[in-house]
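Trainee: Fold the following and give me the result.
(4 chains)
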2 protein chains.
Amino acid sequence: MRPSKRDELVEKALMVFYRHGFHATGMDKLAAETGISKTSMYKYFSTKEDLIGAALTLRDKQFRSWLFRRMEQLGSTPRGQLIAMFDGLKEWFAQEGFQGCMFMKAAAEYQKSTDPIHMKSAEHKSILISCFSDIAQRAGAADPDALARRLMLLKEGAIVAAQLGITKNPAMDAKAAAKILLADALGQ
Amino acid sequence: MRPSKRDELVEKALMVFYRHGFHATGMDKLAAETGISKTSMYKYFSTKEDLIGAALTLRDKQFRSWLFRRMEQLGSTPRGQLIAMFDGLKEWFAQEGFQGCMFMKAAAEYQKSTDPIHMKSAEHKSILISCFSDIAQRAGAADPDALARRLMLLKEGAIVAAQLGITKNPAMDAKAAAKILLADALGQ
DNA sequence: GGCATAGTGTACTGATCAGTTAACATAAGG
DNA sequence: CCTTATGTTAACTGATCAGTACACTATGCC
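Mentor: Below is the predicted model of the structure:
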């Protein structure tokens, strides 16, 4: 089980799925774009859904480690880190090739709540909320879970607004709102 | 140009697309589920994308008229109406067959910002924001646009959370946050 | 040398995709 | 009675879908 080829496949598949969508990306097109033969793909993953699942697992790891590292870099206190999340989001939105949240799109294409892909997407968001809650607790929130859920709403809303391009700077709108919510939850 | 059959097609197609997704719904399956022959469908709409466009136009009309009527029923003042939006959302989320926001899903499946379907989705959200802004202005907000954008973030976030099922009552989380933002923007 | 491992290319399965074509049915209006 | 509009069913196009089968190549290990 050497890692190289399999991991390379998952990484490249992740990018293709992100750019073109899941149903819109056929396995033939995927083989052509990744340069990995269909035969090899089906040796690692017996179905397309399995491959999508692996791609989502990778994305979850990538995104969480990126976001929390960036929050730590940009904010010195727990409260500052929660606010800094939105500065991080702004950077993400500005990246070339930004296309919204992978997990939202996965959940949109695989709607059944019992679908493994849908469940994996929901799990990603759940983990994020509980991480936010930990930070909110360290920040001294009386109800850290409630604060985490509210910040999550702003984050998800900002991602949607950024993907649709309906407002100029959704990350900063969310940041301004987050400051107000934090002031309410933590006092001044 | 009698309305009946064409409108019936668009209405039924809307439901099928909402439930099963766009790429996942073939024209044959659509004909089978709507009971309208493929030939007739292609007489009204020359491409699948045209039909999707018509379905989105209908959805935009339906959703906006429903939401704003409900806001007026549930709230007596402009401020109360903005808060009542989240009570309306709660009702929507609880409806059997709720599957998230049609326009988010459309934008997720048709990602290119130049795609007519993507643009129609963005337009829907833009109209909502400007309606919120009007109400915010009547409520006496110093910066009604900014308030509208913030409330929109909460609304979109709540829809995502409801669709993914990651929190128990996202509409009420959003309502609580909205009250705080309104207090900040309008005073007391 | 011998032999497994990991990979490739290509052609194939049956199903489904969007969209077309042709023959036919129903009804209303002159 | 004839025409036109509005439908229908059903078979078809070529392309693409997920997934499989088979023959091949390269590498490394014993």
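
Trainee: alpha carbons only for contacts and neighbour counts from here, please
Mentor: Noted.

Trainee: tell me the mean pLDDT for the helix ranked longest in chain A?
Mentor: Counting by DSSP state H, the longest helix found in chain A is helix A:48-74. For helix A:48-74, the mean pLDDT works out to 96.

Trainee: May I ask you to confirm that residue A:13 is in contact with residue A:32?
Mentor: No. Contact between residue A:13 and residue A:32 fails when scored by C-alpha atoms under 8 Å: they sit 10.9 Å apart.

Trainee: thinking again about what came up before, list the buried residues in the longest helix of chain A.
Mentor: Buried positions in helix A:48-74, judged by neighbour count with 16 or more other C-alpha atoms under 10 Å in any protein chain shown: A:51-57, A:59-60, A:67-68, A:70-72, A:74.

Trainee: Same question for stretch A:175-187.
Mentor: Across stretch A:175-187, burial judged by 16+ other C-alpha under 10 Å covers A:175, A:176, A:177, A:178, A:179, A:180, A:181, A:182, A:184, A:185, A:186.

Trainee: Quick one, grab the pLDDT at the first one.
Mentor: When you say that, I think you mean residue A:175. 98.

Trainee: Show me what stretch A:157-168 is in contact with.
Mentor: A:93, A:98-101, A:169-171, A:173-174, B:104, B:107, B:113, B:118, B:121-123, B:125-126, B:149, B:152-158 (C-alpha atoms under 8 Å, 6 or more residues apart in numbering or on different chains).

Trainee: on that earlier part again, tell me which of the buried residues of stretch A:175-187 is nearest to residue A:139?
Mentor: Residue A:139 has its nearest neighbour among those in residue A:186, at 7.6 Å by C-alpha to C-alpha.

Trainee: where does the closest one sit relative to DNA strand D, distance-wise?
Mentor: 49 Å (C-alpha to the nearest atom of the strand, to the nearest Å).

Trainee: Equivalent analysis for residue A:170, please.
Mentor: 34 Å.

Trainee: Show the contacting residues for that residue.
Mentor: Counted by C-alpha under 8 Å, 6+ apart, residue A:170 has contacts A:90, A:158, A:159, A:161, A:162, B:149.

Trainee: now, which of the buried residues of stretch A:175-187 lie within strands?
Mentor: Of the buried residues of stretch A:175-187, none are assigned to strands by DSSP state E.

Trainee: Near DNA strand D, which residues of chain A? Just list them.
Mentor: Neighbours of DNA strand D within chain A, by C-alpha under 7 Å from any atom of the strand: A:23-29, A:38-39, A:42, A:46-49.

Trainee: Can you tell me which of the residues you listed are classed as buried?
Mentor: Applying 16+ other C-alpha under 10 Å to the residues of chain A next to DNA strand D flags A:23, A:27 as buried.

Trainee: between residue A:13 and residue A:32, which one's more packed in?
Mentor: Between residue A:13 and residue A:32, counted using other C-alpha atoms under 10 Å in any protein chain shown, the more crowded position is residue A:13 (22 against 12).

Trainee: What average pLDDT does the helix or strand hosting that one get?
Mentor: Following DSSP states H and E, one finds residue A:13 within helix A:4-20. The predicted model assigns helix A:4-20 a mean pLDDT of 90.

Trainee: Mind listing what's buried along it?
Mentor: Residues of helix A:4-20 classed as buried by neighbour count (16+ other C-alpha under 10 Å): A:6, A:9-20.

Trainee: could you check whether the longest helix of chain A is close to DNA strand C?
Mentor: No. Helix A:48-74 stays clear of DNA strand C (C-alpha under 7 Å from any atom of the strand), getting no nearer than 13.2 Å.

Trainee: now the next helix or strand after that helix, how far from the chain's geometric center?
Mentor: Going down the chain from helix A:48-74, the next helix or strand is helix A:78-94, by DSSP H and E. Going by C-alpha atoms, centre = their mean, to the nearest Å, the spacing between the C-alpha centre of helix A:78-94 and its chain's C-alpha centre is 13 Å.

Trainee: in helix A:78-94, what counts as buried?
Mentor: Neighbour-count burial for helix A:78-94, counted by 16+ other C-alpha under 10 Å, picks out A:78-90, A:92-93.
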